Structure formats: C-alpha cells, structure tokens
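In: Mind looking at a prediction? Sequence and model below.
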Amino acid sequence: MLTTAKTLSPGTKISPPLSARLMPYALLAPAFVVTLFIVFFPMVQAVYTSFFDLILWKPNASRFVGFGNYIKLFGDKVFWISLGHTALWIGLTVPLQMALGLVTALLLNREFPWRGLARAMIIIPWALPSVVIALMWRWIYDPNTGVLNDILIYLSVVQQAVPWLADPDLALYAIIATLTWQGFPFFAVMILAGLQGIPKSQYEAASIDGASSWRQFLHITLPGIAPVLGTAGLLRVIWVANSMDVIFVMTGGGPGYATHTLPLYAFVKARQNLDFGYGTSIAVTFTILLGAVVALYLVRTMREVER
Amino acid sequence: MTFLKTLATGVAFSAMLAAGAANAETVRFWYHFDNPENPMEDLVKKFEAANPGIEIQAENVPWNSYYDTLYTSLIGGNAPDAAMVKLFAQPRLMEMGALEPIGERIDAWAGKADLLDNLLNLTKASDGNQYYLPIQYVVLYLYYRADLFNEAGLKPPATCEDFRDAAIKLTKAPDIYGFGLRGGKGGWDQWGAFVLSQGAELKKGGLTSDKAVAANQWLIDLYQKDKVIPPSAPNDGFQEITGAFKSGKTAMTIHHIGSSKSMVDALGDKVSAVPVPECGGGRWTSYGDESLAVFSASEVKDAAWKWISFLAEGENNVEFNKATGQMTVTKSGSENWTLHERRFVDATVASLPFAHVLPQTPATSEFVNTAWQIGMQQALTGQVTSKEMMEQLEGLFDQ
C-alpha cells in the first residue's frame, strides 16, 4: 500500500487505507447476508421448485417437468380470473387510497381546534393488524348481524340485507373498500409531510397575482407533493399487490373464485393443496408481472419528478 | 473463597440440570381446541407426575391451518412426536410414510377393552394397519327451535320433504330463515346429509348420476328458489351458522353436540335436536372423528405412545372431552356422562347407525379443504349449474 502510494506522482489522489475502503462493505454485510438468506435464496429455490411436479404429500412422485407448470398455468382459467381480479384490486385500491389520503391531508393541513388529536386518530386504521381489520369488517358486512346493513335499511337505501361478502358481484369491491380504509392513512401522513415542505411564500405570491385556490392547488400544491405521491404510490402498489391476508380472512377467496387474486391463488395451491410446484409457478409468474409494472412505473414517475 | 464456592456449586448444579435434561424424554404433541379454557395443562401435570422422566410439550395449533402446518412440518422434518388427527388425513399421511403402526401396542394395552365397540374398526387404515387411536367423536344432527315448531304446529322433520315444508313455513325473511346452511369452509358435512344420503358417492361416476345431481339441485333450490336459507350462506362458516341460530335468525341448522352447550346458554329449552332427515329413502350423516397418532420420525415413540394412550383412558378421556365438548370413546366414561344435556346425547346415539366417514382417498383432503367450498359457492350464486359443480368435484376422484 504505502509503497504504491510513494511511487505515485505528486498531485495524484491518494487512495484511503484498505480498512477505510472496506468499511462500507463491512457495514453493509449483515444486511446483505440476511437478505441473501431470507430473500434471495428462497427466491432462487422458488424458481427451481416451479420446474418440478412437486406435491408435498406425494414425496416419491416428484419429477422434473421443465416449463410444464407454466404451460398448464396459461391454460388454467382460474389463473386468468385471478389475474383480472389482481389488476382490478391494484387499479382501484391504490388510486382510491391516494385520493382519500390527499383529501384527508389537505383537511389536516388547515388550522382547526384539536388538530393534533385528529392527526393522531387518523393513523388508527393503518396501525391495526390486518387480521383484526378483516375480522372487524367481516362483522360490519354480515347480513344477519352487521351494522352496515342495519344503517342502510334504516336509511331506506336498501329494502333487505345485502350479503356483501357472499355475492360474487360485490365481494371483491367490498374487500377493496376495506383495504382502502386501511391504507389511506399512510397516504395522508406522507402527503401531509409533503404539504408542510411547500413554502407559504409561494401561495402568498400566487394569491397576489390573483390565482384562484384551484389554480394554486394545481400549480403549487400538486407539483410540491409529486415526489411524495410517486414514492408512496409505488410502495402501495407493491404492498397492495402482495397483500392477501385481508382477503383470506374475509372470504378465503370465495364465493367460488370471486375474490381470488394471484398471491391468494398461489397460497391456496401451495399451502392448502400442498401443490408446491404449481403454487410456486404462479408466484414466480406474478413476481415477473409485478416487476414489469413496477419498472414501468419507476421509469415514468421518476421522469415526471425530475422534470 | 466464598465466591469460588458459590461458583463451584453453581457449576455443579447446572451440570446436574443438564444431565437431568439429557435423561428426560420430551414428547412434542399437537392438538387443537377451540375452547380457551383447556385442561391440557392439568392432564400434562398428571401424566408427568405418573411418568417421571417424560416431559410433554403440548402445543395448541389453530384449527384453520392445522393440517397445512402439520403436513409442511412433516416434510420439513420438524414434526411433533404425536398429534391429534382426523380420518380424512390418514391416506395422505400414509402416502407420506409419516405414521407409526400402533396395532401391537393397542393390543397389549389395558385400555383397549374400555374403548367403545367398532371404533378401532372405523379407524383402521386401508392397508390393514392400525395407526390411529380414537380419542373423541361426534355425529352431526339437526338442531331445531322447538318453540317455533310448536307455534307453527310442526313436528321435527323426519324426511327431506318434511324438512323443506317446515323450512318454508318457518321462514319470515328477512327476520327468520328456515335453515342455516354452511356454504363456506367445512360445510361439506351438512351437504352430505342431503346429497350423499341419496346415493351420491365420492368416486368416479358417483357424483354425476342424475339422482346425485338432482339431490344437489334440490339443496341449491332451497337457497335460490325457496329462499329458506339466509342470503349470506355462501360465505358462512361455523361462527356464522351457530351465531345466526343462537340469535334466532334461523330455525334449523346442522351441527354436532360440541356446540350444544352454547346453544343452550343462548336459547335454553327452545333448542332441541333430532337426527338429520331421511332423503330419497337414504340417510347419511357425518361421523366426526378425532384420533391420536404417533409419527414414524419420532425418536421417543415409547414415551409418545404412553402419552396418547394415557389420554384415551377412562377418566383422562372424560377430562379431555370436557375441553372439546365432544363425546368420550370409553365405555366407563359413557356410563356417567353428564357433560351434555340428554336430548343431544340421544340425538347423537340415534344417528350412529347411519353415520359415515368420507372414503379414505388422498383426493378427499382437497375435497374437504378447498374444492367442495368453491363448487358449492359457485353453484349457490348461480355461476355454475348443479351438474357442473358435481363434475368439478368428481374430477378430483377420477385419478
């Protein structure tokens, strides 16, 4: 080390000692090793498993089938139903959460008495465990004893109790409503933080120039919180796409296949039917699809944000 | 010096503890109780006092994922030494080579003569071996609201025609429905009373016969046309059907004696029970079994056997069933049975002659776990016809 440094001509940047150069790697190593073992290793194994006809309770009948599971997958009507539901699930839940979160954040950004308390309360749905939320909403929706039907009948909106979770045309939307309720505080809090980063002077300048509140919102508020919306939106797309606990507890994917999404289908196949080969092939396919969507999203939003 | 002494004593003491632990055998045991006040701890204490050197680690595994967890832990090599198991799981466990034959141990066991007749035959495996030791049983029967039947001048239904007739007369939607059908997970045993009774069988060609499809259609019609079943039925599980019956929302439902205590707590004398109705000349009800098994991978099979046979002996078995609310498998325990009200015990005993278990094939697990529920929900909500549902289900038993 030292000898090399000596031979360098003056003016050349002297590289720091080895220990200092290794420091970042040493600091990253624990996180890297953990990720390697609990994320990458199982991922590689999942891909490997998906090439086998592997049913856990038939350990002796396991055999290599190449892309056989994937070919079967594309001919499986439940896969296409679940894919459609997944698109609907993400496509509705995330924008709804974002819109509700935005409205909440705008309200919370105004001055009013007890604002601190309101800000703390709003986080509750986000802080509750998913299983608690799912059970709670299951009872809210219950046609025999649930409070939602009671209210709707009292207000004469409906004539008789609606079986929210037992009707295949309604069940998915009922769960989307639940998840929207659960997830909007995340957006509200993130957006609120973004709002407070926008200098007041910009609004003052705009109002002196005669800009209406709508124009102020469009040209100051929205660009101000765009990076937050971009990042929070991306995180939510990934979380919502993968989240199946609420669906599993509320309907188990039913009635029939009415609330099957791809992660749920993979779970049911692998864990309940113990068909790990087919289950992992669904999971791998979904990971690739989601990866593509996320990549596209990243390219687009990052460009917007940089602009 | 004192310090050194203390240290030496400490070292010696921990060495003793370690040696003691090495001698003790630990039996890991899995069970599932819904009842939060379970007496398992007392049973473990009693057993450990009588069998020094054996330590029992009993773990209450949640029922909803009991078999998923059991199968995966068997494959992963982290299975318990013994566990509570049901008959429908036996073919899969056998195919996995996971079960230890215990026939010889049962023959040499003093408690064998005290087991109720026929239970060992019912739990015998298809290869002729005995892997299961019965621990409790229930039989599904029909709960009905005696007060509502009296008011309407009806008798408890003996046939499917009576049943439909009563259900129609008792339905005053949306306040009261005639029958609480379990259309969600676990409802196949109610379905069996209406469909398997009429000659349908879980085998190739057994579900798509005209008679079987018609029987299934009859049940679907109760929901779709007669509207005597609450609209929530496709998503209803155990909590919902018992909840609706207890709150007076339904006038009949099918379940076993395990729920009788909470039914009586809610309804008192207004609730009674009879065997499920006779449909199309046949009768079928589900024999709900629960057994104990030792796993072949266990390293402490002798200790595990001692523990499971302990649970199947007279007094201990009664204690065990106090927690689950089900019926004892011992003759001595049955004699002074005070756990349930007489009318529910009578309905159970009267149902025994036509109580069946599902055929023991590997496909039965998938039928019970996911397939029946998906097919029934689709049929109830009109997404598939009765015939399509039966074809889907028969597909499982084709191979």
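Out: In hand now; what should we look at? In this text the structure is predicted, and so the values were computed from the model without any measurement. Numbers count the residues shown, from 1 in each chain, chains lettered A, B, ... in the order given.
In: any weak-confidence spans in the chain?
Out: Picking chain A for this. A:1-13, A:304-307 (pLDDT under 70).
In: Switch to chain B, please.
Out: B:1-23, B:34-38, B:399.
In: Show me how it divides into domains.
Out: Domain assignment for chain B by automatic domain parsing gives B:27-137+B:288-346, B:139-286+B:356-396.
In: Please list the residues of the stretch 101-250 of chain B that sit near chain A.
Out: Residues of the stretch 101-250 of chain B that fall close to chain A, judged by CB under 8 Å from any CB of the partner chain: B:173-174, B:183-185, B:230-236, B:240, B:243-244, B:247, B:249. Bear in mind the C-beta positions are built from the backbone N, C-alpha and C, glycine included.
In: now do 6 Å
Out: Residues of the stretch 101-250 of chain B lying near chain A by CB under 6 Å from any CB of the partner chain: B:P174, B:P231, B:S232, B:P234, B:N235, B:A244, B:K249.
In: Which of those sits closest to A:S130?
Out: Checking these against A:S130 by CB to CB gives B:N235 as the nearest, at 18.3 Å.
In: returning to what we had before: turn the domains of chain B into JSON lines, including mean neighbour count.
Out: JSON lines is the format used below for the domains of chain B (neighbours: other CB atoms under 10 Å in any protein chain shown):
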{"stretch": "domain B:27-137+B:288-346", "mean neighbour count": "18"}
{"stretch": "domain B:139-286+B:356-396", "mean neighbour count": "20"}
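In: any chance of those domains in TSV, plus distance to A:P255?
Out: Shown next, in TSV, are the domains of chain B (distance: least, CB to CB, whole Å):
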stretch	distance to A:P255
domain B:27-137+B:288-346	18
domain B:139-286+B:356-396	3
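In: for the most centrally placed residue in chain B, helix, strand, or coil?
Out: Against the mean C-alpha coordinate of chain B, by CA atoms, centre = their mean, the closest residue is B:G288 at 4.4 Å. Under the three-state scheme (DSSP: H, G, I helix; E, B strand; the rest coil), B:G288 adopts strand.
In: so where does the residue positioned nearest the centre of chain A fall, helix or strand?
Out: In chain A, the residue lying closest to the centroid (CA atoms, centre = their mean) is A:W239, at 2.0 Å. Here A:W239 sits within helix A:222-242, counting by DSSP states H and E.
In: ok, now which ones touch the residue nearest to the centre of chain B?
Out: For B:G288, the contacting residues are B:V138, B:H256, by CB atoms under 6 Å, 6 or more residues apart in numbering or on different chains.
In: What separation do you get for it and chain A?
Out: 20 Å (CB to the nearest CB, to the nearest Å).
In: hey, what's that residue bridged with?
Out: Under the criterion DSSP bridges, B:G288 forms beta bridges with B:V138.
In: likewise the one 4 residues further on?
Out: When bridges are assigned using DSSP bridges, the partners listed for B:L292 are B:M84, B:L133.
In: circling back to that earlier point, give me the nearest residue to the residue nearest to the centre of chain A, chain neighbours excluded.
Out: A:G183 (7.8 Å; CB to CB, 6 or more residues apart in numbering or on different chains).
In: Confirm for me that the one you found is in contact with A:L96.
Out: No - checked against CB atoms under 6 Å, the pair A:G183 and A:L96 is beyond contact range at 8.7 Å.
In: now the residues of the stretch 101-250 of chain B next to chain A in CSV, with secondary structure?
Out: Shown next, in CSV, are these (three-state DSSP):
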residue, secondary structure
B:P174, coil
B:P231, coil
B:S232, coil
B:P234, helix
B:N235, helix
B:A244, helix
B:K249, coil
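In: Check which helix or strand the residue nearest to A:W239 maps to.
Out: Secondary structure (DSSP H and E) places A:G183 in helix A:171-196.
In: what's the next secondary structure element after that helix?
Out: helix A:200-208.
In: Need the CA coordinates for the helix or strand following that next one. CSV is fine.
Out: Sequence order places helix A:213-216 as the next helix or strand after helix A:200-208, per DSSP H and E. Output of helix A:213-216 as CSV, limited to C-alpha atoms (Å, rounded to 0.1, in the frame of the first residue of the first chain):
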residue,chain,number,x,y,z
SER,A,213,-57.4,28.3,-4.9
TRP,A,214,-57.9,25.7,-7.6
ARG,A,215,-55.0,27.1,-9.7
GLN,A,216,-52.9,27.3,-6.5
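In: looking at this, B:L339 is in a helix?
Out: No - applying three-state DSSP, one finds B:L339 to be coil, outside a helix.
In: State the distance from it to chain A.
Out: From B:L339 across to chain A, the span is 29 Å (CB to the nearest CB).
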